[in-house]
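Visitor: coordinates for the following, if possible.
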Amino acid sequence: MLFGWLLERIIRHGDLKVVDADGKESTYGDGQGLSVTVRLHDRSLHHKLAFNPYLYLGEAYMDGTLTVDEPAGIYELLELVLSNLGQGWAHPLASFVASVRRAKRRIDQYNPMGKAQANVAHHYDLDGGIYDLFLDEDKQYSCAYFERPGVSLEEAQLAKKRHIAAKLRIEPGMRVLDIGCGWGGLGLYLAQETGAEVVGVTLSQEQHRVALRRAAEAGLGDKVKFGLRDYRTLDDQFDRIVSVGMFEHVGVGHYNEYFSYVRNLLKPDGAALIHTIGRLDGPGATNPWIAKYIFPGGYIPSLSEVAPVLEDQHLMLTDLEVLRLHYAETLREWRRRFMAKRDFAARIYDERFCRMWEFYLAGSETSFRYEGMVVFQFQITRNIGALPITRDYMVDWERSHRGAGSEAPHTAVSAD
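Guide: Residues are numbered from 1 along each chain as shown. Next up, the predicted model:
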């Protein structure tokens, strides 16, 4: 079996047993740790998994043609494989296939206004009850910030909002633009904690509906305005711009366009904070399974792809932070919560959807633990003197707002 030949070269530690579609059992690794047993129920997987494991492993798990014996699960299988593989490729052919995907990525990631909205709807306009199963009460669907071990997901998501607000140094009365505002939690936080006027934009009808309701219920309808529109339709200027978890949907061919809008929408003495997943190695291509089933048109940038565009747009990178493993911890908690309520997800959709979502959460977590995925926070200005020249103001603001009475959760989000 060609797949077995591949596993012999990848699995050096651990205990992996594979039962192929003909019932033949093979063992890989040094026999240490949890034993993971995989069963293949379709003979075509014998070569599919060898040729393009990055697509067919997820598809096989979704379709039930690949199963994992308890007590292990798909997470344990991915952890075992990726902890052996690291940031390398499964084999030279997989590297070649990735190079082809990279060569055509500008086509795959072409996201003009209409297509961008369709791509967003594919993921974010799912039945809202799905997200209620695993997100925190504020429905923060991005990397949390774990200030210390043992904090809850709710505490870590609040810390994320506080961390971002501190970097923006927002004064009362400032106008803030939130590009990709999600269900409105960050915009509501900034308005309440800083006294700013916030404009949030999203392409998701479901997110827009919920964000509007939350602003009204929080009594912040006069301070926070949420719009169902593309940021490229805006013609205004703001003191601050924030974007969390949206840049991954821009597409590499649109980076100059994106940052030209950031520059034009930002006042000359303004500041922006872009929070995005990033890759520690060089430019790459989107995982084919993720592109097909989860985030069509999406791409995770390397630092070397962002920095030149900032230079081209005459934007100054005034601060850069790399959040390591924070997203892995976030995803671990999302996965735990989703699995605890998996039966509810099956009632909303079906078993295949549940396996898809389980693979998505497990694959994402292991990519942050073993494949060099991190989170970048870019602080950007147009004017070199727009912000204080030391980082003390960030630490002071966070410290003064940590645990403050006003930092209460906003109106709970539900699918209603």
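
Visitor: longest single helix anywhere in this structure?
Guide: Scanning the chain for the longest helix, with DSSP state H as the assignment, gives helix 351-370.

Visitor: distance from stretch 23-37 to the middle of the chain?
Guide: 32 Å (C-alpha atoms, centre = their mean, to the nearest Å).

Visitor: hang on, the earlier thing: what's whichever helix or strand comes after the longest helix of the chain packed up against?
Guide: Next in sequence after helix 351-370, counting helices and strands by DSSP states H and E, comes strand 373-381. Judged by 3 or more C-beta pairs under 8 Å, 6 or more residues apart in numbering; DSSP states H and E, the packing partners of strand 373-381 are helix 153-168, strand 266-279, helix 303-312, strand 316-323, helix 326-340. Bear in mind the C-beta positions are built from the backbone N, C-alpha and C, glycine included.

Visitor: re earlier: and for the longest helix of the chain, what's in contact with it?
Guide: 58, 61-64, 73-75, 78-79, 82-83, 85-87, 130, 134, 287, 289-290, 293-294, 325, 327-328, 331-332, 334-335, 338-339, 342, 345-346, 373-374 (C-beta atoms under 8 Å, 6 or more residues apart in numbering).

Visitor: buried set for it?
Guide: Using 16 or more other C-beta atoms under 10 Å as the burial criterion, the residues of helix 351-370 that qualify are 354-370.

Visitor: ok, now stretch 272-286?
Guide: 272-279, 284-286.

Visitor: that stretch - what's its average pLDDT?
Guide: Mean pLDDT, stretch 272-286: 94.

Visitor: got a quick PyMOL command for the buried subset of the contacts of helix 351-370?
Guide: To isolate the buried members of the contacts of helix 351-370 in PyMOL, using 16+ other C-beta under 10 Å:
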select buried, resi 58+61+62+73+74+75+78+79+82+83+85+130+134+287+289+290+293+294+327+328+331+332+334+335+338+339+342+345+373+374
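
Visitor: with just CA atoms, put stretch 381-390 into CSV.
Guide: Below are the C-alpha coordinates for stretch 381-390, written out as CSV (Å, rounded to 0.1, in the frame of the first residue of the first chain):
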residue,chain,number,x,y,z
THR,A,381,0.1,54.5,11.6
ARG,A,382,0.5,57.2,8.9
ASN,A,383,2.5,59.5,11.2
ILE,A,384,5.6,58.4,13.0
GLY,A,385,4.6,60.5,16.0
ALA,A,386,1.0,59.4,16.2
LEU,A,387,1.5,57.3,19.4
PRO,A,388,3.8,57.4,22.4
ILE,A,389,7.4,56.2,21.7
THR,A,390,7.4,53.6,24.5
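
Visitor: report the distance from that stretch to the chain centre.
Guide: 28 Å.

Visitor: what ranges does the stretch 51-200 of the chain have for its strands?
Guide: 66-68, 175-179, 197-202 (DSSP state E, counting those that start in this stretch).

Visitor: which one of those strands lies closest to residue 250?
Guide: strand 175-179 (9.8 Å; C-beta to C-beta).

Visitor: just want the angle from the closest one to helix 153-168.
Guide: 130 degrees (axes from the mean of the first three to the mean of the last three C-alpha atoms, to 10 degrees).

Visitor: which elements pack onto strand 175-179?
Guide: Using 3+ C-beta pairs under 8 Å, 6+ apart, strand 175-179 is in contact with helix 185-194, strand 197-202, strand 238-244.

Visitor: can I get those in CSV with distance to residue 164, mean pLDDT and mean neighbour count?
Guide: As requested, the helices and strands packed on strand 175-179 are exported to CSV (distance: least, C-beta to C-beta, whole Å; pLDDT from 0 to 100; neighbours: other C-beta atoms under 10 Å):
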stretch, distance to residue 164, mean pLDDT, mean neighbour count
helix 185-194, 7, 98, 25
strand 197-202, 13, 98, 25
strand 238-244, 6, 98, 24
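
Visitor: make CSV from these and add distance to residue 170 to it.
Guide: As requested, the helices and strands packed on strand 175-179 are arranged in CSV below (distance: least, C-beta to C-beta, whole Å):
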stretch, distance to residue 170
helix 185-194, 4
strand 197-202, 9
strand 238-244, 6
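
Visitor: out of these, flag the one nearest residue 257.
Guide: Among the helices and strands packed on strand 175-179, strand 238-244 sits nearest to residue 257 (C-beta to C-beta), with 13.9 Å.

Visitor: residues contacting the closest one, please?
Guide: Under C-beta under 8 Å, 6+ apart, the answer for strand 238-244 is 142, 164, 168, 170-171, 174-180, 182, 186, 190, 196, 199, 262, 265-267, 269-276.

Visitor: give me the domain ranges for this structure.
Guide: What the record gives for the chain is the domain set 2-103, 113-401, from automatic domain parsing.

Visitor: most tightly surrounded among those?
Guide: Most buried of the domains of the chain by mean neighbour count (mean count of other C-beta atoms under 10 Å) is domain 113-401; its value is a mean of 19.

Visitor: for it, the distance to its chain's centre please.
Guide: 8 Å.

Visitor: before I go, just wanted to say thanks for your time.
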